[in-house]
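S.K.: Provided below for reference: sequence and predicted model.
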Amino acid sequence: MISERTRFPVGLTLAAVIAFAICCGLGVWQLQRADWKAGQLKRIAALRAAAPVPIVPVLARAASGETVTQTRVAAICLPAPPAAAVTRVTTDNGEWVTRAISFCRLGGAAYDGVWVDRGVVTASRGSTTIVPISPPVPQAVIGVLSHLKGDCFGSDGCAYWFNNLLHPAPYMLVAEAEAPAAAGLTPVPYAANSADSLQYVGEYAPTWFGLAGALACVYAAMLWRRYHPKR
């Protein structure tokens with residue numbers, strides 16, 4: 001008669017096999033994401049190093065469904081009176097700053113215009129209090145298109161533009177330079193946010209394969225003890 005102790009543990013074995021397969025599958029998925037990460041980082045680096053192209057045809061591609069994030073563009077904004085910039089407090093190299101955002105109206109584009117992150121309010125460094133500023137509207141801007149977050153960072157002013165008046169592009173133009181330069185503002189491009197967000201993609205593959213190996217070792221040790229009990 002086979003004792004309960006020596007009977008083959010079908011249920012436990014099935015659970016171990018499923019867990020092992022899941023860990024291995026996640027490890028393979030992470031390796032695939034690592035390859036994808038390498039391609040994305042290469043694409044971002046190429047886009048950021050490219051010469052700026054006119055924004056109007058780029059936004060036409062965006063309107064047709066193409067992703068144009070990280071594309072360097074040059075925009076010529078239509079004239080408009082000075083207006084209070086939308087502002088938000090954030091950090092730059094560990095220092096509190098206020099960033100200023102203005103709307104750039106565009107002629108002949110698929111959208112009425114694009115929001116421009118014009119950089120840091122110079123007088124705001126080190127302060128957690130929003131520093132208001134009403135600069136002239138941007139005229140000629142060179143920068144990188146970034147995904148627009150929410151309704152322009154939760155600002156009531158941006159929500160007003162979005163919901164009532166204009167049809168803006170679904171991207172933020174992060175200024176690298178303006179002509180003429182806006183007094184009191186320093187263009188500070190985002191710190192390669194897209195590249196940073198990919199930092200850990202694919203780096204957990206060894207962890208998942210290690211868990212699978214540990215599970216196999218624990219299961220083998222359990223079977224050994226089950227069929228080789230201490231005398």
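M.R.: Nice, I can see it. Residues are numbered from 1 along each chain as shown.
S.K.: where are the low-confidence patches of this protein?
M.R.: Residue ranges of the chain with pLDDT under 70: 1-6, 40, 44, 47-48, 148-165, 191-202, 230-231.
S.K.: if you set the cut-off to 50 instead, what comes out?
M.R.: Scanning the chain for pLDDT under 50 picks out 1-2, 150-164, 193-195.
S.K.: and for Ala63, nearest residue in space, chain neighbours not counted?
M.R.: Ala110 (3.7 Å; CB to CB, 6 or more residues apart in numbering). Every residue, glycine included, has its C-beta placed from N, CA and C.
S.K.: got it, and Leu211?
M.R.: Cys23 (4.7 Å).
S.K.: tell me which other helices or strands the one helix or strand the one you found maps to touches.
M.R.: Cys23 is located in helix 10-49, with elements delineated by DSSP states H and E. If contacts are counted by 3 or more CB pairs under 8 Å, 6 or more residues apart in numbering; DSSP states H and E, helix 10-49 sits against helix 193-197, helix 205-227.
S.K.: got the angle between it and helix 205-227?
M.R.: Angle, helix 10-49 to helix 205-227, by axes from the mean of the first three to the mean of the last three CA atoms, to 10 degrees: 170 degrees.
S.K.: residues near the residue nearest to Leu211, how many?
M.R.: Per other CB atoms under 10 Å, the neighbour tally for Cys23 reads 20.
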